[in-house]
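Asker: please find the sequence and the predicted model below.
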Amino acid sequence: MSLSNAWSLPLVPSDASWLPIALADIDAVMRDHLHCERKAATSALSLLRSYPERADVVEWTVRLAHEETRHVVQVAQLLNRRSQTPGHDHGDDYAAALQKHVRKTEPGRLLDRLLVFAIIEGRSAERLAMLAGALTEPRERLLYENLADAEFRHRDGFLQLAAATDELWKSRAVELCAHEAAILARLPVVARIH
């Protein structure tokens, strides 16, 4: 799946204070990251369960869930090398707040779910790329570069599905990105991916 480079999600940049806060407690960020990857795999499978009649959704989500699960393994291995355990998932106020903007009825529900997943993947990609640029250990830097690239691909895959779902997908994406900006503005900046 590929999406034209002529349009991209209008996400506001992360607060400049996020990176120093994240680096100050990088182990917490990496533990949170493991749980983000796990939830991404679960979210992909939820689309498969909800829309089995959409062959494009089924094909994309099966591959995505497999890749996200591989990322869980990679981040778990990273934590192990750093003598860290995954710890408990403390939830994700950011993602929960975004989910509140998903319409309850079809066909808008599918479009909104695809776009919210695209926004989450886009935000994750941005922050993983920021981490990759700041990490000094070569193996960790390379892992985060590769993970950021994967998140950008995932974002674009969700956008491609959204484009195939509703011709007005761009205007709805702009609305949801505005909601995301408001969510970021009110949530505290913490040592987590979101």
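Answerer: Great, that's in hand.

Asker: now residue 191, nearest residue through space, not along the chain?
Answerer: residue 25 (3.8 Å; CB to CB, 6 or more residues apart in numbering). Every residue, glycine included, has its C-beta placed from N, CA and C.

Asker: next, count neighbours for that neighbour.
Answerer: Look at residue 25: counted by other CB atoms under 10 Å, it has 14 neighbours.

Asker: helix or strand next in line after the helix or strand residue 139 falls within, which one?
Answerer: Taking DSSP states H and E as the criterion, residue 139 maps to helix 138-165. Counting by DSSP H and E, the element after helix 138-165 in chain order, helix or strand, is helix 169-186.

Asker: for that following helix, which residues meet the burial criterion?
Answerer: 169, 170, 172, 173, 176, 177, 180, 183, 184 (16 or more other CB atoms under 10 Å).

Asker: can you list contacts of it?
Answerer: With contacts defined as CB atoms under 8 Å, 6 or more residues apart in numbering, helix 169-186 is touched by 7, 9-12, 14-15, 94, 97-98, 101, 108, 111-112, 115-116, 118-119, 123, 159, 162-163, 166.

Asker: pull the distance from it to the chain's centre.
Answerer: Relative to its chain's centre, helix 169-186 lies at 15 Å (CA atoms, centre = their mean, to the nearest Å).

Asker: cool, stretch 162-181 as well?
Answerer: Here stretch 162-181 is found 16 Å from its chain centre; the criterion is CA atoms, centre = their mean.

Asker: okay, now the unreliable bits of the protein?
Answerer: Flagging of the chain using pLDDT under 70 yields the residue ranges 1-6.
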